[in-house]
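Participant: Provided below are the primary sequence and the corresponding predicted coordinates.
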Amino acid sequence: MLTIKQLRDKIDKTDADIIKKLSQRKTLSIKIGEMKSKLGKKVINNKREKELMLRYEKLCLEYKLQATFIKKLFKIIIANSRELQK
């Protein structure tokens, strides 16, 4: 059985992995924003965002996560991506 410290160390590693992935997402969002600008496309794509929310719901079922929490989290992440793309 793992100790509390060992479990906390695993949480710390997981948190660092999440931050690394968010940094990668930021880079991709900026690139998408640059492409949208060159193509004269709008930053906000409601259709894409609806598709993402449905995808997140399915992933929540698969990984047994609370959909309301994940939706709130990704609304924040998507709002940040929109700002980066402007």
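Facilitator: Sure, I can see it. Numbers count the residues shown, from 1 in each chain.
Participant: out of all of them, which helix in this protein is the longest?
Facilitator: For the chain, the helix reaching the highest residue count under DSSP state H is reported as helix 4-39.
Participant: Toward the C-terminus from that one, list the very next helix or strand.
Facilitator: helix 46-63 (DSSP states H and E).
Participant: can you give me the angle the following helix or strand past that following helix makes with helix 4-39?
Facilitator: Using DSSP H and E, the helix or strand that follows helix 46-63 in sequence is helix 67-85. In terms of direction (axes from the mean of the first three to the mean of the last three CA atoms, to 10 degrees), helix 67-85 departs from helix 4-39 by 50 degrees.
Participant: just checking, what packs against the longest helix of the chain?
Facilitator: helix 67-85 (3 or more CB pairs under 8 Å, 6 or more residues apart in numbering; DSSP states H and E). Just so you know, the C-beta spots here come from the backbone N, C-alpha and C atoms, and that holds for glycine as well.
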